[in-house]
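> sharing a model that was predicted from the sequence below.
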Amino acid sequence: MILIVIIAIEFAVYYSDFNLVNDKTLEIGTTTLIVFVIFIFVYIKKWRYKILLVLPTLAFGIIFLGLEIIGIIAGSEKISWKWKIGEYEVIYANMEYYAGPEGRQYLKLRKNYFFDQFYKTLDKQKTENTFLELGIGKNNCDLKFEKTGMEFDLCEKKQLK
């Protein structure tokens, strides 16, 4: 029952707008599955109950880990640079797939929650500037996100609007 609750929470986070910042969902799921199977074999005495508990546990675990592996193969975000401004982060990144990176870089605005362990993406826009051109010197310091209307000064690391 504990594993089912943990897996339900992991699915809720996985399919919500919130994401794990550390992106450790695969490791957390694998560890939870292994610990729960060991717990079943150590503390439950009857073999019938062991089998009845292990089979659904492994089924849920394999489905969850399979979805995570598909997500990893589908692509991941490679963060080149990030600016932490209060409870917000401005990310300079691009997508990388198993065959290589996608061409254009983008800027992403996200808000951090729960001691910076979860984040929610607020806005995303393509950029022609490199991360070295952004926030260095006084040329490209000001950044405005179109969707949210929020403005940041990347050189001074402060929110303007």
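Happy to help now that I have it.
> pass me the low-pLDDT residue ranges in this protein, would you?
1-3, 6-7, 10-11, 13-26, 71-72, 75, 98-101, 116-117, 131-133, 135-139 (pLDDT under 70).
> spell out the residue ranges of the helices in it.
2-15, 25-43, 47-74 (DSSP state H).
> mind listing what's buried in the longest one?
Yep, that's helix 47-74 we're talking about. L53, V54, T57, F60, G61, F64, L67, E68 (16 or more other CB atoms under 10 Å). Bear in mind the C-beta positions are built from the backbone N, C-alpha and C, glycine included.
> picking that back up, would you format the helices of the chain as CSV with distance to E156 included?
Shown next, in CSV, are the helices of the chain (distance: least, CB to CB, whole Å):
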stretch, distance to E156
helix 2-15, 34
helix 25-43, 35
helix 47-74, 36
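> and of those helices, who's closest to N140?
Closest to N140 of the helices of the chain, according to CB to CB: helix 47-74, at 31.8 Å.
> what is that closest one packed up against?
helix 2-15, helix 25-43 (3 or more CB pairs under 8 Å, 6 or more residues apart in numbering; DSSP states H and E).
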